[in-house]
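Asker: Everything below, folded, please.
(chains A and B)
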Amino acid sequence: MLRSGRGLLSKTIANAPYLFLTPSLLLLIIFFVIPVLAAFFMSFTDFDIYSIANLKYARFVGLKNYLNLFSDPLFWKSLLNTLYFLVVAGPLTIFVALISAIFLNSKLVRFKSLLRLSYFAPVVATLVAVSVVWRYIYDPRFGLLNYALSFVGVHARDWLSDPVWAMPAIILFAVWKNFGYTMMIFLAGLQTIPNTLYEAAEVDGAGTLQKFWKITVPMLAPTTLFVTVVTLIGYLQLFAEPFIMTGGGPMNSTLSIVLLMYREGFRYWKMGYATAIAFVLAGIILILTLIEMRIQSQGKQT
Amino acid sequence: MSIRKYKVLLFTFALIVSAIVILIPFIWMITTSFMRSGESFSYPPRFMPRHFTLEQYEILFQRLHFTRNFLNSLAVASLLTLSSLTVNSLAGFAFAKYVFKGKRTLFSTFLATMAVPGQVGMLPVFLILRNLGLLNTYWALILPGTFSAFSIFFFRQYMITIPNDLIDSARIDGCSDFRIYWQIILPLTRPALVTLGLFTFLGTWNDFMWPLIVMNKDSMYTLPVALANLMGEHAPDTELMMAGSVVTTLPIMILFLLLQKSYITGLIAGSLKE
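Answerer: Got it, this is the predicted structure:
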């Protein structure tokens, strides 16, 4: 019934919300609930290419997939690579976003909307397309990066074929691609800080840095928490960048968890194994989300 | 000039320089796509084509499948946007304006789906679509992509602000529930429809992993998959690859430019949901 439908009840009214929810509920069940449950069971079976043809070939193997996973050097490699990416690219993205937001919010800057748009452009660009472009930017002989670095005396390098430099190259690309999103959210956060706070601090003789640490940083704390979690969850799912730029190499130095899952599941059709990888990923994301909720509720109590 | 004016100049100049640096990959992508094959193999790198040519685009659209791939992307993004807006706005309306049994449980279940990464269900969804014979069809992208807890939440938040009086008087006039949704709620929800429509369209257009999994015929690839595939065969053809990148990303960036206001408003509203 309608919340405000005082005394206008009828059968059709009472059914209406259920009817309106039917399409989304059906899609949710068929393409989310059932698959997630199925994936959970699959992760305890040796589901492979033969089982696709006939389910009978899938056998229950208990925790074997998970045990194999934890003794698979490739899995640990991909986990460490992903964490490396996360720990460096995450803070870097947020830092660059915060700095750009503060500058763009400054009264001393002109052409603000045009600048904002330029910084945001990589966010809306197609990931695969710009990954392709950056692959050529990193080209050892004709790439723009080596050319630019030659002016500051850095020698040419084959960035994406070097096990040490391939991941930093992908990190630089990811920061370029994503900081604009975080910047927009910081800009919105900055605009909610009342100017009177800064004015009062100025009266008390606070300098620029002091105002930044004592007003801007604490006032932006909830925004920072939100963008941190969103960025980290997004970065945990690193896939297209190494797929396009390095194929996971060289020497698996850019192999990410999702890329490993894709290979095991959709290239080698080891689907039981691949779903186990997906659940490890989901577990990490769940922990991150719980930490966020915990910090948030603490923030509200104080 | 006052010190303040110097500061304005300095700050603005520094930010313009950074903006140019950020845009260089796009500029280089576009100019290189108009070069003849092999012209970009030069040091120092060239920024302007010596002879402006469309030959790379001719290869893409005439010799390769890019016309078809472009139409696939356009069709899938449009259809998915349409289905997503319909299904999720209906659900949002139910949650915003009705009291019913199981509402709270259902709503929190919907929201909880956001915490589960998409990769978890991918293998079973692939098998379901395979068994239904829907691989290599638009359905493989549209059906699993339509439900969006985020969209439902966004619609609900927006529709809650619509005054109940409007609905009450319509009901007294004998309006059915569906007509209330269609003729009163939806027109008032236009800004949310535009924002979410844009989000869905962009997200679908740019998506890579799922189309890579369910489409494995040249003629069914969306642009990002076609481009990744082109990379496998034509990696040394820099100019061709740049033209492919332009075709893939430029349309969506132009669409964003036209509707940027509602996109950014929605982005910020989405971040303030908690």
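Asker: For the residue nearest to the spatial centre of chain B, list the residues it contacts.
Answerer: Taking CA atoms, centre = their mean as the criterion, B:Leu202 is the residue nearest the geometric centre of chain B, at 1.2 Å. Neighbour list for B:Leu202: A:Val124, B:Ile252, B:Leu255, B:Phe256, B:Tyr263 [criterion: CB atoms under 8 Å, 6 or more residues apart in numbering or on different chains]. Just so you know, the C-beta spots here come from the backbone N, C-alpha and C atoms, and that holds for glycine as well.
Asker: quick check, it in a helix?
Answerer: Yes: using DSSP: H, G, I helix; E, B strand; the rest coil, the assignment for B:Leu202 is a helix.
Asker: hang on, the earlier thing: rebuild the contacts of B:Leu202 as TSV, extending it with pLDDT, neighbour count and secondary structure.
Answerer: Formatted as TSV, the contacts of B:Leu202 follow (pLDDT from 0 to 100; neighbours: other CB atoms under 10 Å in any protein chain shown; DSSP: H, G, I helix; E, B strand; the rest coil):
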residue	pLDDT	neighbour count	secondary structure
A:Val124	96	22	helix
B:Ile252	96	21	helix
B:Leu255	95	17	helix
B:Phe256	95	20	helix
B:Tyr263	90	22	helix
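Asker: For these, which two are the farthest from each other?
Answerer: Farthest apart among those by CB to CB are B:Ile252 and B:Tyr263. That separation is 11.3 Å.
Asker: Mind listing the shared neighbours of those two?
Answerer: Shared contacts of B:Ile252 and B:Tyr263 (CB under 8 Å, 6+ apart): A:Val124, B:Leu202.
Asker: Now do the buried residues in stretch A:242-253.
Answerer: A:Pro242, A:Phe243, A:Ile244, A:Met245, A:Thr246, A:Gly248, A:Pro250, A:Asn252, A:Ser253 (16 or more other CB atoms under 10 Å in any protein chain shown).
Asker: nearest to B:Val21, of these?
Answerer: Checking the buried residues of stretch A:242-253 one by one against B:Val21 (CB to CB), the nearest turns out to be A:Met245, at 19.8 Å.
Asker: how about that closest one, what does it touch?
Answerer: A:Met245 neighbours (CB under 8 Å, 6+ apart): A:Ser131, A:Trp134, A:Arg135, A:Tyr138, A:Leu160, A:Ala166, A:Ala169, A:Ile170, A:Phe173, A:Thr254.
Asker: Intersect those with the contacts of chain B.
Answerer: The overlap between these and the neighbours of chain B (CB under 8 Å from any CB of the partner chain) comes to A:Trp134, A:Arg135.
Asker: From the contacts of A:Met245, which land in helices?
Answerer: A:Ser131, A:Trp134, A:Arg135, A:Ala166, A:Ala169, A:Ile170, A:Phe173 (DSSP state H).
Asker: Quick check: the two most widely separated of these?
Answerer: Pairwise over the ones in helices among the contacts of A:Met245, using CB to CB, the maximum falls at A:Ser131 and A:Ala166, 13.1 Å.
Asker: Looking at those two, which one has more neighbours?
Answerer: Neighbours around A:Ser131 and A:Ala166, counted as other CB atoms under 10 Å in any protein chain shown, are more numerous at A:Ser131. The numbers are 27 against 24.
Asker: Nearest residue to that one in space, please, no chain neighbours.
Answerer: Nearest residue to A:Ser131, sequence neighbours excluded (CB to CB, 6 or more residues apart in numbering or on different chains): A:Ile244, at 3.9 Å.
Asker: and the one you found, how far is that from B:Ile213?
Answerer: 16 Å (CB to CB, to the nearest Å).
Asker: from the middle of its chain, how far away would stretch A:262-275 be?
Answerer: Relative to its parent chain, stretch A:262-275 has a centroid offset of 22 Å by CA atoms, centre = their mean, to the nearest Å.
Asker: Equivalent analysis for stretch A:170-178, please.
Answerer: Relative to the chain's own centre, stretch A:170-178 is displaced by 12 Å; criterion: CA atoms, centre = their mean.
Asker: Flag every buried residue along that stretch.
Answerer: For stretch A:170-178, by 16+ other CB under 10 Å, it's A:Ile170, A:Ile171, A:Leu172, A:Phe173, A:Ala174, A:Val175, A:Trp176, A:Lys177, A:Asn178.
Asker: for the first one, what are its contacts?
Answerer: Residues touching A:Ile170, when contacts are defined by CB under 8 Å, 6+ apart, comprise A:Phe85, A:Leu238, A:Glu241, A:Pro242, A:Met245, A:Thr246, A:Thr254.
Asker: same thing with A:Ile193?
Answerer: A:Ile193 touches A:Ile215, A:Thr216, A:Met219, A:Leu220, counting by CB under 8 Å, 6+ apart.
Asker: cool, A:Ala201 as well?
Answerer: A:Ala201 sits in contact with A:Gln210, A:Lys211, A:Lys214, A:Ile215, where contact means CB under 8 Å, 6+ apart.
Asker: what's the spacing between the spatially closest residue to the first one that is not a sequence neighbour and A:Ile193?
Answerer: Okay, so that is A:Gln210. Closest residue in space to A:Gln210, ignoring its immediate chain neighbours: A:Ala201 at 7.2 Å, by CB to CB, 6+ apart. A:Ala201 sits at a distance of 11 Å from A:Ile193 (criterion: CB to CB).
Asker: So, low pLDDT: which residues of chain A?
Answerer: Filtered on pLDDT under 70, chain A yields the residue ranges A:1-14, A:300-302.
Asker: Got the domain ranges for it?
Answerer: Per the record, chain A has its domains at A:11-57, A:64-301, by automatic domain parsing.
Asker: Output the ones you listed as a markdown table; include the columns distance to B:Ala19.
Answerer: Formatted as a markdown table, these follow (distance: least, CB to CB, whole Å):
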| stretch | distance to B:Ala19 |
| --- | --- |
| domain A:11-57 | 41 |
| domain A:64-301 | 4 |
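Asker: Out of those domains, which is closest to B:Phe154?
Answerer: Nearest of the domains of chain A (CB to CB): domain A:11-57, 13.4 Å.
Asker: hmm, the closest one touching chain B?
Answerer: Yes: part of domain A:11-57 sits near chain B under the criterion CB under 8 Å from any CB, namely A:12-14, A:16-21, A:23-25, A:27-28, A:30-32, A:34-36, A:38-39, A:42, A:52.
Asker: Got the phi and psi for A:Thr45?
Answerer: Dihedral pair for A:Thr45: phi -120, psi 170, per degrees, to the nearest 10.
Asker: So it is in contact with A:Ala58, correct?
Answerer: Yes: in this structure, A:Thr45 is within contact of A:Ala58 by CB atoms under 8 Å, at 4.6 Å.
Asker: which residues do these two both contact?
Answerer: Listed as contacting both A:Thr45 and A:Ala58 by CB under 8 Å, 6+ apart are A:Ser51, A:Gly272.
Asker: Any of the residues of domain A:11-57 next to chain B buried? List them.
Answerer: Applying 16+ other CB under 10 Å to these, the neighbour count classes A:13, A:16-17, A:20-21, A:23-25, A:27-28, A:30-32, A:35-36, A:38-39, A:42, A:52 as buried.
Asker: Just the ones in strands from those residues, please.
Answerer: Among those, no member is found in strands (DSSP state E).
Asker: In terms of helices and strands, where is the residue nearest to A:Gln210?
Answerer: helix A:195-203 (DSSP states H and E).
Asker: Return the residues in contact with the residue nearest to A:Leu92 when sequence neighbours are not counted.
Answerer: Leaving aside its chain neighbours, A:Leu92 sits nearest to A:Val175 (5.1 Å; criterion: CB to CB, 6+ apart). Applying CB under 8 Å, 6+ apart, we find A:Val175 in contact with A:Ala89, A:Leu92, A:Thr93, A:Val96.
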